[in-house]
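A.B. asks: Need the 3D shape of this:
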Amino acid sequence: MDQAKASVTQSLSQARAKLDDYPALQKLEDQVNVPKEYIAGGGLAVLFVFVVFGMSAGTLCSILGFLYPTYKSFSALEHKATGEVTQWLIYWVIFAFFSIIEVFVDVLLYWIPFYYAFKLAFLLWAMLPRTRGAKFLYDSFLKDFLKSNESKIDAALNNAKVSAEKVAAGASAAVAEAKKSTEDKKDE
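C.D. replies: Numbering: from 1, shown residues only. As a prediction, this is how the structure comes out:
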């Protein structure tokens, strides 16, 4: 029992040392008179409950899937860290591919218990530099798929561009005609 208590105490002191880098937590600790490691642990427990029980879990997963990777992408670009830029580009490709698939199977995913807990775990695995899950998925599966279908994807994008230009031109013409018609009625 003493060994377990010593282990917990050591873990809490390590957490406290890492949390010392965040002045907002120190300020909160001073205001509420609760150690910052307990505040951080409580916050993580609340997030865990939200994800496991599905309360705003979709929103939480989206925020975590965007926030940290966006910051790290910005940081990599600003510091011109080529390896980091490549890692985050790969993450965004995997994230986009996963998001597209998710849109089409959303109705089925609703019935999977703890889906958002699995999604959050997947996103963390894909984004964290220690695991480099996005790079693994890209190198193992997606790169070959994209390379073998590159010409088809380019053709589909060109067709979509032409269609969008036609729709935009039609909408622009309709607006101009409606505007002209309105002006003609004012002149009468």
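A.B. asks: Going by C-alpha atoms from here, please, whenever you check contacts or count neighbours.
C.D. replies: Noted.
A.B. asks: where's Ile112, which helix or strand?
C.D. replies: Per DSSP states H and E: Ile112 is located in neither a helix nor a strand.
A.B. asks: Find me the pLDDT at it, would you?
C.D. replies: Listed pLDDT for Ile112 reads 83.
A.B. asks: show me where this structure has helices.
C.D. replies: 2-19, 23-32, 36-52, 57-78, 82-104, 106-109, 115-127, 133-137, 143-148, 150-187 (DSSP state H).
A.B. asks: what's in contact with the fifth one?
C.D. replies: Helix 82-104 has contacts (Cα atoms under 8 Å, 6 or more residues apart in numbering) with 69, 72-73, 76-77, 109, 126-127, 132, 134-135, 137-138.
A.B. asks: Just the buried ones from those residues?
C.D. replies: Among the contacts of helix 82-104, the ones that count as buried by 16 or more other Cα atoms under 10 Å are Pro69, Lys72, Ser73, Ala76, Ala126, Met127, Arg132, Ala134, Lys135, Tyr138.
A.B. asks: ok, now how distant is the residue lying closest to Leu28 once chain neighbours are set aside from Tyr138?
C.D. replies: Using Cα to Cα, 6 or more residues apart in numbering and skipping residues adjacent in sequence, the residue nearest Leu28 is Lys36, 7.6 Å away. Relative to Tyr138, Lys36 is positioned 38 Å away (Cα to Cα, to the nearest Å).
A.B. asks: likewise Pro23?
C.D. replies: For Pro23 relative to Tyr138 (Cα to Cα), the value is 38 Å.
A.B. asks: what's the answer for Leu157, then?
C.D. replies: From Leu157 to Tyr138 the distance is 21 Å (Cα to Cα).
A.B. asks: Please apply the same query to Glu177.
C.D. replies: 49 Å.
A.B. asks: do Pro69 as well
C.D. replies: Remark: distance between Pro69 and Tyr138 (Cα to Cα) = 16 Å.
A.B. asks: ok so, going back, pLDDT added to the contacts of helix 82-104, as TSV?
C.D. replies: Shown next, in TSV, are the contacts of helix 82-104 (pLDDT from 0 to 100):
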residue	pLDDT
Pro69	92
Lys72	89
Ser73	91
Ala76	89
Leu77	90
Leu109	80
Ala126	93
Met127	91
Arg132	87
Ala134	92
Lys135	92
Leu137	92
Tyr138	93
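A.B. asks: Show me which pair in these is furthest apart.
C.D. replies: Greatest spatial distance in those: Leu77 and Leu109, 34.7 Å, computed using Cα to Cα.
A.B. asks: residue contacts, Met127?
C.D. replies: Pro69, Trp88, Tyr91, Gly133, Ala134.
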